[in-house]
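Undergrad: Based on what follows, work out the 3D shape:
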Amino acid sequence: MDPTVYNAFLAVAGVLLALGFLLLAWRVIVGPDSLDRVLGNDAITASLQCALALYICWTLDTTVVNAMIVIALLGFIASLSVARFRKRDGSL
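TA: Sure thing, here's the model as predicted:
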C-alpha cells in the first residue's frame, strides 16, 4: 500500500477518534443520569484502546500493548464495580 494513502487513512481515523472523544466527554459531563456517565466512561475506555491501536499502526511500535491490556482490565473492573454497587438515581 502506498504510504501516503496509509497515512491519510490513519489521519482520518485519528480525527474521527478525536471527535468521538469530545462527544463522549460531553456525555460524561452532561449525562442526565449516572448510567449515561458509566456508559460514557466505558466508551472512553474502548476509544482509548482504539487510539493506542492507531498509534501502533502509525509507528509500528508494539510497546503499548501492555498498556492496552491494563486499560481493558481497568475498564472491565470499573464497569463491574459500578454495576454491582449502583443505586437508582433519586434513591437514598
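
Undergrad: Quickly note the distance from residue 23 to residue 69.
TA: Noted for residue 23: a distance of 26 Å to residue 69, by C-beta to C-beta, to the nearest Å. (Each C-beta comes from the backbone N, C-alpha and C, glycine too.)

Undergrad: For the helix or strand of the chain with the lowest mean pLDDT, which residues meet the burial criterion?
TA: Of all regular secondary-structure elements in the chain, judged by mean pLDDT, DSSP states H and E, the least confident is helix 65-85 with a mean of 90. Applying a neighbour-count criterion of 16 or more other C-beta atoms under 10 Å, one finds 68, 71, 75, 82 buried in helix 65-85.

Undergrad: shouldn't the last one be in contact with residue 38?
TA: Yes - if you go by C-beta atoms under 8 Å, residue 82 and residue 38 touch, sitting 5.0 Å apart.

Undergrad: mind checking how far the longest helix along the chain is from the chain centre?
TA: Scanning the chain for the longest helix, with DSSP state H as the assignment, gives helix 3-30. With C-alpha atoms, centre = their mean, to the nearest Å as the basis, helix 3-30 stands 11 Å off its chain's centre.

Undergrad: again with stretch 28-38
TA: With C-alpha atoms, centre = their mean, you get 15 Å for stretch 28-38.

Undergrad: start to end distance for that stretch?
TA: Terminal residues of stretch 28-38 are spaced 8 Å apart (C-alpha to C-alpha, to the nearest Å).

Undergrad: quick one: contacts of it?
TA: For stretch 28-38, contacts defined as C-beta atoms under 8 Å, 6 or more residues apart in numbering pick out 27, 40, 41, 44, 79, 82, 86, 89.
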